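Visitor: Structure, please.
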Amino acid sequence: MRKKILVLCTGNSCRSQIAEGYLRYFAGSKADVYSAGVETHGVNLRAIATMQEDGMDISQHTSNNINEYYNIDFDFVITVCDNAKEGCPYFPTKAKKFHHNFPDPAKAIGTDDEINENFRQVRQQIKKYCSSFIAENL
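Guide: Residues are numbered from 1 along each chain as shown. The predicted model follows:
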């Protein structure tokens with residue numbers, strides 16, 4: 001039976017979108033993966049571009065609010081930022097909860113090259129986490 005995984009972030013624009021892409025990739029047909037935010041900020045264009053560099057297309061992802069998923073019985077809920085962990089409304093679920101606070105690349109400052117490099121570093125951290133998560137839990 002396919003597992004259901006929800007990735008939560010503050011705005012569902014960067015970190016949770018990247019994680020959704022990699023979790024889908026590593027899980028293959030073993031899981032249905034969703035991402036949501038406590039708010040919705042739209043999918044970050046740099047997140048789309050940095051994933052494209054790694055051969056992952058998240059350009060069709062949408063930015064979703066956690067309230068859209070109350071009727072889904074998740075097996076796993078992963079928060080990818082402290083704000084989502086602390087600010088997440090009560091979510092009635094028997095899901096196993098996981099948390100890893102990744103830096104927010106959308107807050108990076110500097111030149112375009114420096115900001116892009118920050119996105120790449122966070123992407124690699126999330127990729128490694130997602131690969132391990134799937135290997136250990138599915």
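Visitor: Taking the centroid of the chain, which residue is nearest it?
Guide: The centroid of the chain falls nearest to S16 when counting by C-alpha atoms, centre = their mean (1.9 Å).
Visitor: Can you find the helix or strand of the protein with the lowest average pLDDT?
Guide: helix 82-87 (a mean of 70; mean pLDDT, DSSP states H and E).
Visitor: just checking, what packs against whatever helix or strand comes next after that one?
Guide: On the C-terminal side of helix 82-87, the closest following helix or strand by DSSP states H and E is strand 96-99. Contact here means 3 or more C-beta pairs under 8 Å, 6 or more residues apart in numbering; DSSP states H and E; on that basis strand 96-99 packs against strand 76-79. C-beta coordinates here come from the backbone N, C-alpha and C atoms, glycine included.
Visitor: Need the residues that contact the strand it packs on.
Guide: 3-9, 19, 85, 88, 91, 93, 95-100, 133, 137 (C-beta atoms under 8 Å, 6 or more residues apart in numbering).
Visitor: which residues touch the residue of the chain positioned farthest from its centre?
Guide: Distance from the C-alpha centroid of the chain peaks at T111, with 25.1 Å (C-alpha atoms, centre = their mean). For T111, the contact set (C-beta under 8 Å, 6+ apart) is empty.
Visitor: Phi first, then psi, for it.
Guide: Main-chain dihedrals, T111, degrees, to the nearest 10: phi -70, psi 170.
Visitor: Okay, it and N65: tell me how far apart.
Guide: 33 Å (C-beta to C-beta, to the nearest Å).
Visitor: just A95 next, same as before
Guide: Using C-beta to C-beta, we find A95 at a distance of 18 Å from N65.
Visitor: I'd like to know which elements the helix or strand containing F119 is packed against.
Guide: Per DSSP H and E: F119 is located in helix 112-137. Judged by 3+ C-beta pairs under 8 Å, 6+ apart, helix 112-137 is in contact with helix 15-27, helix 45-53.
Visitor: can I get those helices in CSV with mean pLDDT and distance to C81?
Guide: Shown next, in CSV, are the helices and strands packed on helix 112-137 (pLDDT from 0 to 100; distance: least, C-beta to C-beta, whole Å):
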stretch, mean pLDDT, distance to C81
helix 15-27, 98, 6
helix 45-53, 97, 14
